[in-house]
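Visitor: The following comprises the amino acid sequence and a computationally predicted model.
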Amino acid sequence: MKAYVEDFVRSLNTESPQSELRLHQLRSLVEIIAELAVSRVDRDELGIAANALAELSGAARLFSPWREHPKLTVFGSARMKPDSPLYDMARDLSERMANRGWMTVSGAGPGIMEAAAKGAGREHTLGVNVDLPFEQSANPYVDAETRLIEMRYFFTRKVALTKESLAFAFFPGGLGTMDEAFEVLTLLHTGKTTPSPVILIDTEHGHFWEKWLEFMMDSVIADGYLDEQSPCLFQICHTLEDAIAVIDRYYSNFVSFRVTNSHAQVELRHPPTPEQVATLARAVPTFAYGDGYRCDGTTVSFPFDGRNYVSVRRVIDEMNLWVG
């Protein structure tokens, strides 16, 4: 079987030359398919594997032309009516972000998803719909020909909704919205996605997210299931001005984050001063051991074992204070 895999990968490279990294990844995919072919996996399980791969590859093709565009994913209730103030806020948020050069990613259905697509417009909206018997066809504000993908599985849909985006906005919603909110926060908490701002948005006098936060503080954090500093991963906002300000502030200095050779590296827009690096060590001493915080131009590095992404977020927040 290994020889067949190598022959197939070699033929792919002959027809369309690939980089070494792509060849390695393609070989891994072909090996998985070959293993499934000779295994005792039943037809239903093969179907799940095939559908999941098709949906993830379809999402990759959908997003590929827009990879260089910053993206905001908007979540919220499919039941939100057009006469709701929250509908207006979701529409206006996406419109304002589109005017700033951002694209909106949404679930492509009704309610908040429709409002977000309507505000951003068909040219600035990418839709990731899910096939449900009771809801939901794609809303008319998503270009179904070039900017929409239909998915069967929620887990592949969540990958598509989160993988490409640089910011996440959550409006009130039900089980689906809660699932998506906890998914995004889990990814950020465990470092499975790039550190990004999460905004929980409500009307001026709304209490949806405050009640949610009360549960998190009084039951989840108070009982020791989550670190007490974890709420730094999100902000509650009651105006669009505040929500947009959160995104602007987050990217006022922060550019990117990566981990190599047990060290984290944060790329900034502006080189820090020695005084600012010293202040950072005092504000977030978690990573001040060993070599501590080191600066090379606009890159700040520090020892990192991949465990504490909440403190990484605190580092980024502190660095953003250095601007303005």
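Guide: Perfect, thanks for sending it. Numbering: from 1, shown residues only.
Visitor: Just the buried residues of stretch 195-207, please?
Guide: Using 16 or more other Cβ atoms under 10 Å as the test for burial, stretch 195-207 gives 195-203, 206. Heads up, the C-betas are built off the backbone N, CA and C, glycines and all.
Visitor: Considering those, which is situated nearest to T279?
Guide: The closest of those to T279 turns out to be P195 (Cβ to Cβ; 19.9 Å).
Visitor: just checking, that closest one is part of a strand?
Guide: No - the assignment for P195 is coil, going by DSSP: H, G, I helix; E, B strand; the rest coil, so no strand is present there.
Visitor: what sits against it?
Guide: Shown here is P195, whose contacts under the criterion Cβ atoms under 8 Å, 6 or more residues apart in numbering are 188, 254, 257, 309, 312-313, 316.
Visitor: ok, now how distant is it from F257?
Guide: Noted for P195: a distance of 5 Å to F257, by Cβ to Cβ, to the nearest Å.
Visitor: ditto for L53
Guide: 29 Å.
Visitor: quick one: low-confidence parts of the stretch 101-250 of the chain?
Guide: Under the criterion of pLDDT under 70, the regions of the stretch 101-250 of the chain flagged as low confidence span 133-136.
Visitor: try 80 this time
Guide: Per-residue confidence of the stretch 101-250 of the chain (counting by pLDDT under 80) places the weak regions at 132-137.
Visitor: could you pull out the helices for it?
Guide: For the stretch 101-250 of the chain, the helices identified by DSSP state H, counting those that start in this stretch occupy 112-120, 154-163, 175-190, 208-215, 240-250, in order along the chain.
Visitor: From the contact counts, what lies against the fourth one?
Guide: It stands for helix 208-215. Under the contact definition 3 or more Cβ pairs under 8 Å, 6 or more residues apart in numbering; DSSP states H and E, helix 208-215 sits against strand 198-201, strand 235-237.
Visitor: Contacts for the first one, please.
Guide: Meaning strand 198-201. Judged by Cβ under 8 Å, 6+ apart, the contacts made with strand 198-201 from elsewhere in the structure are 86, 89-90, 93, 167-171, 181, 184-185, 188, 209, 212, 233-238, 240, 243, 246-247.
Visitor: Can you give the strand pairings for that strand, parallel or anti for each?
Guide: According to DSSP bridges, strand 198-201 forms sheet pairs with strand 167-170 (parallel), strand 235-237 (parallel).
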